[in-house]
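S.K.: Provided below for reference: sequence and predicted model.
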Amino acid sequence: MTDQATTTTAATAATTAQQASNEDVPATKSKVLPRFAIFAFAGIVLITLLWTKLTPWVSYPIAVLSEVALHEVAPMWVREVHKKPGQIEVDTSVGVAVPNAGGQIADLVVDADPGRYAFGLPIFLALVLAAYAANRAPGRLSKAIGGYLILLPIQSFSLVMYLLMQVLVAAKLDIRTLRVDQWQVEAIVFGYQVGVLVLPTLAPVLVWLLLDRKFFGDVIVNGWKRSLKAKPAASGKK
């Protein structure tokens, strides 16, 4: 009888400990979500400050990809592309009237800062590091490198659309001056709206979700669900 009572007591204690452990896990995981939000916000601020000092060199590969894309998608306009850290300049064959020059025509030159549409990189890196700081999510270096490589062509698309839109605006959307069809002008306008107004901020978040979907599902989504379940329980106790 004594041995049986001892065994029953031990089993009860083990069950109680397991239940307490199971209660502690959600409580611990529920704290990950606010920690992630804090680290992500702080990371965006700090990494962006650092990125502003490095962007002329970090964004140079965007200019390289953009040069290739410009020669492929707009060979009728692009004559030569000049690149240096912090700037890309495109010599075009599109003739426009020079202001206050008596109707004189000159070939248009457009330029831009490649880093202008590369600010998504600090956002992406902040999300990657916040996942590690909040829950020690593995594979941070590989995800950071992979995300950077995925973002390069997306940011290049934004830069190309910005440069092509400058050409359209300078030519006042005149298809005779531009030597293109109307649908091509409309395609560039649409591409500009997507590439310049949407992708720079949306792309880094989507790339992070793609590369860190396990952390997002296991921690962010489940933590959010647990917080929703906890609210009715807390209100019921009151």
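M.R.: On my side now, so go ahead. Numbering: from 1, shown residues only.

S.K.: what's the longest helix in the chain?
M.R.: Taking DSSP state H as the assignment, the helix of the chain that covers the most residues is helix 140-170.

S.K.: run through the neighbouring helices and strands of that helix.
M.R.: Contact partners of helix 140-170 among helices and strands, from 3 or more Cβ pairs under 8 Å, 6 or more residues apart in numbering; DSSP states H and E: helix 60-73, strand 87-97, strand 105-112, helix 120-135, helix 182-197, helix 199-211. Using the backbone N, CA and C atoms, a C-beta is placed for each residue, glycine as well.

S.K.: deepest-packed of these, please.
M.R.: Mean neighbour counts were taken over the helices and strands packed on helix 140-170 using mean count of other Cβ atoms under 10 Å, and the top value, a mean of 23, falls to helix 120-135.

S.K.: how big is the angle separating that helix from helix 60-73?
M.R.: Our comparison of helix 120-135 with helix 60-73, counting by axes from the mean of the first three to the mean of the last three Cα atoms, to 10 degrees, yields an angle of 130 degrees.

S.K.: what is the subsequent helix or strand relative to the least confident helix or strand in the chain by mean pLDDT?
M.R.: The helix or strand with the lowest mean pLDDT-type score in the chain, counting by mean pLDDT, DSSP states H and E, is helix 2-30 (a mean of 45). Counting by DSSP states H and E, the element after helix 2-30 in chain order, helix or strand, is helix 32-58.

S.K.: if I look at Leu168, how far off is Val185?
M.R.: With distances defined as Cβ to Cβ, to the nearest Å, the gap from Leu168 to Val185 amounts to 6 Å.

S.K.: any common contacting residues for these two?
M.R.: Leu178 (Cβ atoms under 8 Å, 6 or more residues apart in numbering).

S.K.: tabulate the helices and strands packed on helix 140-170 (CSV), appending mean pLDDT and distance to Ile145.
M.R.: As requested, the helices and strands packed on helix 140-170 are arranged in CSV below (pLDDT from 0 to 100; distance: least, Cβ to Cβ, whole Å):
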stretch, mean pLDDT, distance to Ile145
helix 60-73, 95, 13
strand 87-97, 92, 24
strand 105-112, 92, 26
helix 120-135, 91, 10
helix 182-197, 94, 24
helix 199-211, 94, 10
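
S.K.: to Ala37, which of the ones you listed lies closest?
M.R.: Between Ala37 and these, the shortest gap by Cβ to Cβ is with helix 120-135, which sits at 8.0 Å.

S.K.: on contacts alone, who are the packing partners of the closest one?
M.R.: Judged by 3+ Cβ pairs under 8 Å, 6+ apart, helix 120-135 is in contact with helix 32-58, helix 140-170, helix 199-211.

S.K.: distance of Ser93 from Gly191?
M.R.: From Ser93 over to Gly191 (counting by Cβ to Cβ), the distance is 21 Å.

S.K.: rewinding a little: can you pull the buried residues of the longest helix of the chain?
M.R.: 140, 143-144, 147, 150-152, 154-168, 170 (16 or more other Cβ atoms under 10 Å).

S.K.: centre of the chain versus it, how much separation?
M.R.: When C-alpha coordinates are averaged (Cα atoms, centre = their mean, to the nearest Å), helix 140-170 and its chain have centres 10 Å apart.

S.K.: residues contacting the residue nearest to Phe36 when sequence neighbours are not counted?
M.R.: For Phe36, ignoring the flanking residues on the chain, the nearest one in space by Cβ to Cβ, 6 or more residues apart in numbering is Ala134 at 3.9 Å. Taking Cβ under 8 Å, 6+ apart as the contact definition, Ala134 lies against Val32, Leu33, Arg35, Phe36, Phe39, Val219.
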